[in-house]
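Visitor: Build me a model from this:
(one chain, ligands or ions: 1)
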Amino acid sequence: MQILIKGWVKPMTDAVQYLKMNGLGNDFVVLDARQKPLKLSHDQVRWIADREQGIGCDQLIVLEYSPLDGVDVFMRIYNAEGGEVDACGNATRCVGYLVAEELGKKAVTIHTNAGLLNAELNGDVVSVDMGTPRLEWDQIPLAEEFEDTTGIELQIGPIDAPVLHTPSVVNVGNPHAIFWVKDLDAHDLERFGPMLEHHPMFPERANISLAQVLDRDHIKIRVWERGAGLTQACGTAACAVAVAAVRKDLTDREVTISLPGGDLQLEWRASDHHIIMTGPYELDGEGTLPAELFEESAA
Ligand SMILES: N[C@H](CCC[C@H](N)C(=O)O)C(=O)O
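Guide: Numbers count the residues shown, from 1 in each chain. Here you go, the predicted model:
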């Protein structure tokens, strides 16, 4: 049986084909492991994600069958550093497109470790219901208890002269810390990102966003992603920032989030507290992984 997704024909050979996709420049290698299960080691993921030695991507996405009835696909997500994570907004739009095209449906259900996500294909954009945010300190999670997660106290910098910051924290299937700034370009995120990602306050580390509110319906952000570093865009960060901005009454519930790679439309719906993220998807190409990549696992 062959699966045709816009020309991505899976020959029934041992070669492992992949698609290259991106959401606003946040790029992915997508493998379809539904016909032939794939068990990837940390090192194999890192090789695939490596932009010099391998194929190059921010995240590796593996499609599997979901064990749940009525669910169209299971989406497994690995960061470039090799670890598996539970949510990836931009990739969810890309997978939503792939599976909707393949099944000839407009709306599909995607199973992730963070829960079931509904994606709807509307021409050149996909809208994803990313579910409801988790807002309690132990759901982020944080190492210390905070009543108000719209602004926690975070000591950063040298022991003898620490600087107190008060980021907002939100979990949208993965942990996010949002630092509100007046001028996005005045901060060296490449330098601060890794320190903040690994701050002891975040036992599962965190995705770090700098957010500049431009208007009640527009926020500009840059993101240092956990396990991937600076990316052109981060869908879950856009979701987290939109939720945090409403909680702090900085914006209304429908907001445009501008990232270096482009804009996402976000709504944190008042009726059911679901986060609806709408944005583009792009199919960049396809290829075949080298057979030797899998020889080591046979060894
Ligand atoms: N780095 C994220 C996963 C990818 C998120 C991002 N690519 C997105 O579009 O949401 C994490 O470790 O939680």
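Visitor: close to the ligand, is stretch 209-229?
Guide: Yes: Stretch 209-229 reaches the ligand (CB under 6 Å from any ligand atom) through 225, 226, 227, 228. In this view, the C-beta of every residue, glycine as well, is placed from N, C-alpha and C.
Visitor: Report the mean confidence score over that stretch.
Guide: Mean per-residue pLDDT for stretch 209-229: 98.
Visitor: quick one: that stretch to chain centroid distance?
Guide: 13 Å (CA atoms, centre = their mean, to the nearest Å).
Visitor: Which stretches in the stretch 51-200 of the chain count as strands?
Guide: Secondary structure of the stretch 51-200 of the chain by DSSP state E, counting those that start in this stretch: the strands cover 59-64, 73-79, 84-85, 107-112, 115-122, 125-129, 154-156, 163-165, 168-171, 175-180.
Visitor: would a markdown table of those with distance to residue 206 and mean pLDDT be doable?
Guide: Listed next are the strands of the stretch 51-200 of the chain as a markdown table, based on distance: least, CB to CB, whole Å; pLDDT from 0 to 100:
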| stretch | distance to residue 206 | mean pLDDT |
| --- | --- | --- |
| strand 59-64 | 16 | 98 |
| strand 73-79 | 13 | 98 |
| strand 84-85 | 12 | 98 |
| strand 107-112 | 19 | 98 |
| strand 115-122 | 20 | 98 |
| strand 125-129 | 22 | 98 |
| strand 154-156 | 10 | 91 |
| strand 163-165 | 13 | 88 |
| strand 168-171 | 7 | 98 |
| strand 175-180 | 4 | 98 |
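Visitor: so can I have CSV of these showing distance to the ligand?
Guide: CSV is the format used below for the strands of the stretch 51-200 of the chain (distance: least, CB to the nearest ligand atom, whole Å):
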stretch, distance to the ligand
strand 59-64, 5
strand 73-79, 5
strand 84-85, 4
strand 107-112, 11
strand 115-122, 12
strand 125-129, 10
strand 154-156, 19
strand 163-165, 20
strand 168-171, 10
strand 175-180, 7
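Visitor: Report the secondary structure state of residue 34.
Guide: At residue 34 the chain is in coil, as set by DSSP: H, G, I helix; E, B strand; the rest coil.
Visitor: And for the closest residue to it other than its chain neighbours, the neighbour number?
Guide: The shortest distance from residue 34 to any non-neighbouring residue, by CB to CB, 6 or more residues apart in numbering, is to residue 65 (5.3 Å). By the criterion of other CB atoms under 10 Å, residue 65 has 14 neighbours.
Visitor: quick one: contacts for residue 65?
Guide: Applying CB atoms under 8 Å, 6 or more residues apart in numbering to residue 65 gives the contacts 34, 73, 74.
Visitor: ok, now with 10 Å
Guide: By CB atoms under 10 Å, 6 or more residues apart in numbering, the contact set of residue 65 is 33, 34, 35, 37, 71, 72, 73, 74, 111.
Visitor: May I see the PyMOL selection of the buried members of those residues?
Guide: The PyMOL selection below is limited to those of the contacts of residue 65 classed as buried (16 or more other CB atoms under 10 Å):
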select buried, resi 33+34+72+73+74+111
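Visitor: so what pLDDT did the residue lying closest to residue 23 once chain neighbours are set aside get?
Guide: Distances taken as CB to CB, 6+ apart place residue 90 nearest to residue 23, at 2.9 Å, with adjacent residues excluded. Residue 90 carries a pLDDT value of 98.
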